[in-house]
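Undergrad: Give me a 3D structure for the following:
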Amino acid sequence: MSQRGYALDDGWYLDHAAGAAMTPGQDVLLQAHLELSPAAREQAAAITRIGGAMLESIDAPTGGDLSFDIDDIFARDADDTAVAEAATPEADSAALPDYLPDAVRAFMAEGDLRLRWEFLGPGLEKAMLWRGGDDERLWLLRARPGVAIPHHGHRGSELTLVLKGSFYDGEQRYQRGDVEEADPGVEHDIRIGDEGECVCLALTEGKLRFQDPLLRLFQVFTGL
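TA: So this is what the prediction gives:
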């Protein structure tokens, strides 16, 4: 699928369970998603259980029973397969808004980062947190209720985790803890929910693609 709502692709949870190397931006967004979404934690824990059972089967003595019961795996006590929580070093939490998950607070404290909101468009602000290779960026988007983000595509992948409020992509509604995952083939229109301010944590590769020449010119000044 080119686009999947609410949760990340299972490959992310597999990588997490296997301890695969991730960029700082990927790690922070995944940890924040697991922190905010009970469904994501359950999925990650289930994948961890299955992976552990498969390893136990592989390590079984020669001639042993290599089968395992999936239902039994899912019935195991969750405490045995708890998802690791992000470390949270001491930080000046009073200076940060309550909607920021601990994973983001820890990342900002470790890098001695401060929120610096910059104008992105009418009713829109951004705060850059990290830049990596291949033009990968981790940033916060803050938007007023009802604001529409013009039709756009992507030159690379885009992960958007809702921290506060909600937004719509077509008829699909995303709220706190949900992630929208879009690949370079996706073009869409985003509308912020009417119930209040929306804040998202976004991880993007490359700049957005706008068809409108005026928006492409404006993009020079916003850096997105």
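Undergrad: Could you list the buried residues of stretch 29-43?
TA: Residues 29-37, 40-41, 43 are the ones in stretch 29-43 that count as buried (16 or more other C-beta atoms under 10 Å). In this view, the C-beta of every residue, glycine as well, is placed from N, C-alpha and C.
Undergrad: Low-confidence regions, this structure specifically.
TA: 1-6, 51-94, 151-156, 185-186, 188, 206-224 (pLDDT under 70).
Undergrad: Let me see the ranges of the strands in it.
TA: 3-4, 118-121, 124-131, 136-143, 148-154, 158-164, 166-169, 172-175, 179-182, 188-192, 198-205, 208-210 (DSSP state E).
Undergrad: can you list the ones you listed in TSV and add mean neighbour count and distance to Glu110?
TA: Shown next, in TSV, are the strands of the chain (neighbours: other C-beta atoms under 10 Å; distance: least, C-beta to C-beta, whole Å):
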stretch	mean neighbour count	distance to Glu110
strand 3-4	14	30
strand 118-121	14	22
strand 124-131	17	11
strand 136-143	21	13
strand 148-154	16	29
strand 158-164	22	19
strand 166-169	19	29
strand 172-175	16	28
strand 179-182	23	23
strand 188-192	18	30
strand 198-205	22	16
strand 208-210	17	28
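Undergrad: Leu115 is in contact with Arg142, correct?
TA: No: taking contacts as C-beta atoms under 8 Å, Arg142 lies outside contact range of Leu115: 9.5 Å.
Undergrad: Mutual contacts of these two, please.
TA: Overlap of the contact sets of Arg142 and Leu115 (by C-beta atoms under 8 Å, 6 or more residues apart in numbering) consists of Ala127.
Undergrad: Now do the same contact list for Ala95.
TA: When contacts are counted by C-beta under 8 Å, 6+ apart, Ala95 touches Arg114.
Undergrad: From Ala143, how far out is it?
TA: Going from Ala95 to Ala143 by C-beta to C-beta, to the nearest Å gives 22 Å.
Undergrad: And for Gly133?
TA: 28 Å.
Undergrad: separation between Arg114 and Thr23?
TA: In this structure, Arg114 and Thr23 are 22 Å apart, going by C-beta to C-beta.
Undergrad: Name the residue in those two with the higher neighbour count.
TA: When Arg114 and Thr23 are compared for neighbours, Thr23 comes out ahead with 15 against 10, by other C-beta atoms under 10 Å.
Undergrad: Leu8 versus that one, what's the distance?
TA: Separation of Thr23 from Leu8 (C-beta to C-beta): 15 Å.
Undergrad: do the same with Cys200
TA: As judged by C-beta to C-beta, Cys200 and Leu8 stand 15 Å apart.
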